[in-house]
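>>> with the sequence up front, the predicted model follows.
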Amino acid sequence: MKKKLLGGMVILLVAASVSYAGESELHGSIGIDFTTKYIWRGFDVYDDHAAIHPYVDLDFFGTGFGMNITAHRANSDGFELNERWDYTLYYQNRMFDGEPYATNYRVGYVYYNYPDRSSHDTTDSIDLQEVHTIFSWPKILPIEGLVPTYCLVKLWPSSSSSLVGTNSPSGGTASGFAHIFMLDYALPFTCPVTGESRKLNLHSEFVYNDGVSPNGATNVDHDWSNAVFGISTNIDLGNNLSFKGEFRP
């Protein structure tokens, strides 16, 4: 994989959220994202075609445990076999609260399922599994609202003898690590329409791929694979509805 910066404009459409006041009650959100090009871990999944990404995210009664289900489907024909459903279980919390090095963390497990391929037939399956840890430090930098984040990812084939395992046509396996470094800044501004105070979220991330390809290819360098830059804001529409607009060049 050649060193390059991959990107594409990303517009996030209406996301409806359902929430409850008590921290000990079940709450979450549902929504759908639209991308003009879907880049995943440095790989152009749908060959420059647009995609939709419906999702459901649930917080289990304020315990820190949660679940997310996200689907990825191209808006063009010819990519049906690459439709993917991500099933994520996670735990998130914080430590060293009140200290300059206060840390938010998340530990998660993801099962990547391709429903149009058989998960049980190893001659056709390309299902994957992943564990990840995410650390974020909201107070460690002297600029308020500037937050660095680090994510460590370990990916491997769901079946060792699948098409992304030992039976990969290329002779490789979809197993390895990725390191994701992120920096976010919440820029305060006043909405010119409503006069309300809001935050404009500036996001950047840089991905170091430690030689792993989701399709089991062997020609993947241990190198920086891609960078993402984004600007987003949320607009409260009332009745538990919100609109999130985001642009990523």
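Arrived safely.
>>> okay, CA-based contacts and neighbour counts for the rest of this
Noted.
>>> in three-state terms, label the residue of the chain most remote from its centre for me.
Centroid-distance maximum for the chain: G195 at 32.0 Å, with Cα atoms, centre = their mean. With DSSP: H, G, I helix; E, B strand; the rest coil as the basis, G195 sits in coil.
>>> any idea what the most centrally placed residue in the chain is bridged to?
Among the residues of the chain, the one closest to the centroid is W40, at 8.4 Å (Cα atoms, centre = their mean). For W40, the beta-bridge partners under DSSP bridges are F43.
>>> pLDDT at it, what is it?
Note for W40: predicted pLDDT of 85.
>>> with E144 instead?
92.
>>> am I right that it falls within a helix?
No. Under three-state DSSP, E144 sits outside any helix and is assigned coil.
>>> distance of it from N201?
13 Å (Cα to Cα, to the nearest Å).
>>> buried stuff in the strand ranked longest in the chain?
Criterion DSSP state E: the longest strand present in the chain is strand 222-238. For strand 222-238, a neighbour-count test (16 or more other Cα atoms under 10 Å) marks D223, W224, S225, N226, A227, V228, F229, G230, I231, S232, T233, N234 as buried.
>>> in this protein, which spans are strands?
Along the chain, the stretches classed as strands by DSSP E are 10-18, 27-35, 39-40, 43-44, 51-59, 65-74, 84-95, 103-113, 128-136, 146-157, 176-190, 197-210, 222-238, 241-247.
>>> with distance to T166 added, can I get the ones you listed in a markdown table?
Shown next, in a markdown table, are the strands of the chain (distance: least, Cα to Cα, whole Å):
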| stretch | distance to T166 |
| --- | --- |
| strand 10-18 | 35 |
| strand 27-35 | 33 |
| strand 39-40 | 23 |
| strand 43-44 | 21 |
| strand 51-59 | 30 |
| strand 65-74 | 26 |
| strand 84-95 | 21 |
| strand 103-113 | 18 |
| strand 128-136 | 13 |
| strand 146-157 | 9 |
| strand 176-190 | 14 |
| strand 197-210 | 19 |
| strand 222-238 | 21 |
| strand 241-247 | 39 |
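>>> looking at those strands, which is closest to G165?
Nearest to G165 among the strands of the chain is strand 146-157 (5.8 Å), distances taken as Cα to Cα.
>>> which stretches of this protein aren't confidently modelled?
1-24, 118-123, 234-249 (pLDDT under 70).
>>> hang on, the earlier thing: and the longest strand of the chain, what does it pack against?
Where contact means 3 or more Cα pairs under 8 Å, 6 or more residues apart in numbering; DSSP states H and E, strand 222-238 is packed against strand 197-210, strand 241-247.
>>> sorry, back to before: which of E144 and N201 has more neighbours?
N201 (18 against 12; other Cα atoms under 10 Å).
>>> distance of the more buried one from P188?
In terms of Cα to Cα, N201 sits 9 Å off from P188.
>>> give me the number of residues near the closest residue to V207 other than its chain neighbours?
Nearest non-adjacent residue to V207, counting by Cα to Cα, 6 or more residues apart in numbering: I180, 4.5 Å away. I180 has 19 neighbouring residues, counting by other Cα under 10 Å.
>>> T35 now?
By other Cα under 10 Å, 21 other residues sit near T35.
>>> ok, S170 - contacts?
For S170, the contacting residues are G216, A217, T218, by Cα atoms under 8 Å, 6 or more residues apart in numbering.
>>> and A102, by the same measure?
R94, M95, F96, W137, P138, K139, I140.
>>> which of those residues are buried?
Neighbour-count burial (16+ other Cα under 10 Å) is assigned, among these, to W137, P138, K139, I140.
>>> for the contacts of S170, give me JSON lines that also has distance to L89.
Compiled in JSON lines, the contacts of S170 are given as follows (distance: Cα to Cα, whole Å):
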{"residue": "G216", "distance to L89": "24"}
{"residue": "A217", "distance to L89": "27"}
{"residue": "T218", "distance to L89": "30"}
